[in-house]
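> After the sequence you'll find the predicted model.
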Amino acid sequence: MRANAGFDDGCLKIVGMFAPHGLRIEGEADVVRHDVLAAHLRAACAGRAEVHLDLADLAFMDFKALNVLGDQARAVSPGTTIVLDNLPRHLELVLDELGWHRFPGLTRGHDSRS
């Protein structure tokens, strides 16, 4: 189930999800959109034990946007997990190379695209 889009500028769309709680992130997360991405991640993680990010339709994420994600994963309360669902293969390769599995609070989720 999805809520209305929290942000949509035609290039990046961030949609709040209720079940599971989290965000669906679509399009391109680039230099112009780092602040809005960070704000939505902080809001989604506030007071939650588990936050899902559905990345199935995320076409591009620059390194600074990856840092925004990593910073949020490190900033969450102990016991809080950010779950990356439907991680695109190109992002999976970059995150593996960067050692994403070592980020506290960040974990690989399910892939429903199969």
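Ah, there it is.
> ok, which stretches of the chain are strands?
Secondary structure of the chain by DSSP state E: the strands cover 2-8, 12-17, 22-29, 50-54, 58-61, 81-85, 106-108.
> Switch those over to TSV; also include mean neighbour count.
Where you see a C-beta, it was placed from the backbone N, CA and C, and this is true even at glycine. As requested, those are exported to TSV (neighbours: other Cβ atoms under 10 Å):
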stretch	mean neighbour count
strand 2-8	12
strand 12-17	20
strand 22-29	22
strand 50-54	22
strand 58-61	19
strand 81-85	21
strand 106-108	16
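> How many neighbouring residues does His110 have?
His110: 14 surrounding residues under other Cβ atoms under 10 Å.
> For the closest residue to it other than its chain neighbours, list the residues it contacts.
Setting aside the residues directly before and after it, His110 is nearest to Asp85 in space (Cβ to Cβ, 6 or more residues apart in numbering), at 5.5 Å. Applying Cβ atoms under 8 Å, 6 or more residues apart in numbering to Asp85 gives the contacts His52, Leu53, Asp54, Leu55, Ala56, Gly109, His110, Asp111, Ser112.
> try 6 Å
Going by Cβ atoms under 6 Å, 6 or more residues apart in numbering, Asp85 touches His52, Asp54, Gly109, His110.
> Can you redo those as JSON lines, where the extra columns are pLDDT?
Putting these into JSON lines (pLDDT from 0 to 100) gives the following:
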{"residue": "His52", "pLDDT": "98"}
{"residue": "Asp54", "pLDDT": "98"}
{"residue": "Gly109", "pLDDT": "94"}
{"residue": "His110", "pLDDT": "92"}
